[in-house]
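**Q** Everything below, folded, please.
(3 chains)
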Amino acid sequence: MNIPSSEQALMQSAQNLAGLTLGEIAQQAGIAIPKDLSRNKGWIGLLFEHVLGASAGSRPEPDFPHLGIELKSLPINEQAKPLETTFVSVAPLTGLVGVTWHNCYVRKKLARVLWVPVITRKDVPLSERLVATPFLWSPNAEEEALLAQDWQELTDMIVLGEVENIHGKHGQVMQLRPKAANSKVKTQAFDRNGKPFMTLPRGFYLKINFTQALLHRYLRIN
DNA sequence: GATTGATCATAC
DNA sequence: GTATGATCAATC
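**A** Numbering: from 1, shown residues only, chains lettered A, B, ... in the order given. Prediction:
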């Protein structure tokens, strides 16, 4: 697939995915379908990136750098309720001096997101799952305020050396959870005395209630 | 059943 | 290890 030249071109090809199954999309793209996602958790996201012409690679940039748009797949059920939290980014545990909500990575990453919902049920094979209507989202004032509030709370705790006391329950719409290959992975952080120590890498995740609200706002459903 | 903590693949 | 893409699965 070619790189989309404009937002309109991207949205057009995204809309064209609606109503197709993952099997149809993969077949058209000539991509093999895994039996399940257990050892291919990012497969749907990579499939959409390929089909929509996102710049490949693991660079820390939006999927469509020239458009400033991030692409995210979103598993939902038939009632359009998200089934999983949405990973946003790895949380920096050091170098936070001078970082504010306005210049932080989470805000940049969520500025413009193309959501591609996939109707998911455990008993429906991957290849038969349907793509729902994709939509381009930017946070409204209310959503940004909620995100900013949670980001500030979590970042404050990190800065104060309390990262190991942060649990998934923190945050109303965004939470901090492990983001690593396994629980033995370590990255550097600072404790409450300012001394460096090694801890589990964490990531910011959007909670289900937040992504569900987006769906309601954009698809006018439920 | 929802939520939190753990985990899988791949590139560099 | 860090960054990309997320879902799995044990526990509450």
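**Q** How about the contacts made by the residue of chain A found nearest DNA strand B?
**A** Going by C-beta to the nearest atom of the strand, DNA strand B is nearest to residue A:168 of chain A, at 2.8 Å. The way it works is simple: take the backbone N, C-alpha and C, and place the C-beta from them, glycine included. By C-beta atoms under 8 Å, 6 or more residues apart in numbering, the contact list for residue A:168 reads A:175-177.
**Q** can you tell me which helix in chain A is longest?
**A** When chain A is parsed with DSSP state H, its longest helix is helix A:141-159.
**Q** Low-confidence ranges, chain A, go.
**A** Low-confidence segments of chain A (pLDDT under 70): A:1, A:56, A:221-222.
**Q** near DNA strand B, which residues of chain A?
**A** Within chain A, the positions near DNA strand B by C-beta under 7 Å from any atom of the strand are A:38-42, A:57-58, A:85, A:167-169, A:175, A:177-184, A:200, A:207-209.
**Q** Could you list which of these belong to strands?
**A** Using DSSP state E, the subset of the residues of chain A next to DNA strand B located in strands is A:175, A:177-178.
**Q** tell me which element residue A:71 falls in.
**A** strand A:70-76 (DSSP states H and E).
**Q** if we can go back for a sec, narrow the contacts of residue A:168 to just the buried residues.
**A** Buried subset of the contacts of residue A:168 (neighbour count, 16 or more other C-beta atoms under 10 Å): A:175-177.
**Q** filter those residues by proximity to DNA strand C?
**A** Restricting those to those near DNA strand C - C-beta under 7 Å from any atom of the strand - leaves none.
**Q** For DNA strand C, state which of the residues you listed is nearest.
**A** Among the buried ones among the contacts of residue A:168, residue A:177 lies closest to DNA strand C (C-beta to the nearest atom of the strand), at 7.1 Å.
**Q** contacting residues for the closest one?
**A** Residue A:177 sits next to A:85, A:168, A:202-203, A:205 when contact means C-beta under 8 Å, 6+ apart.
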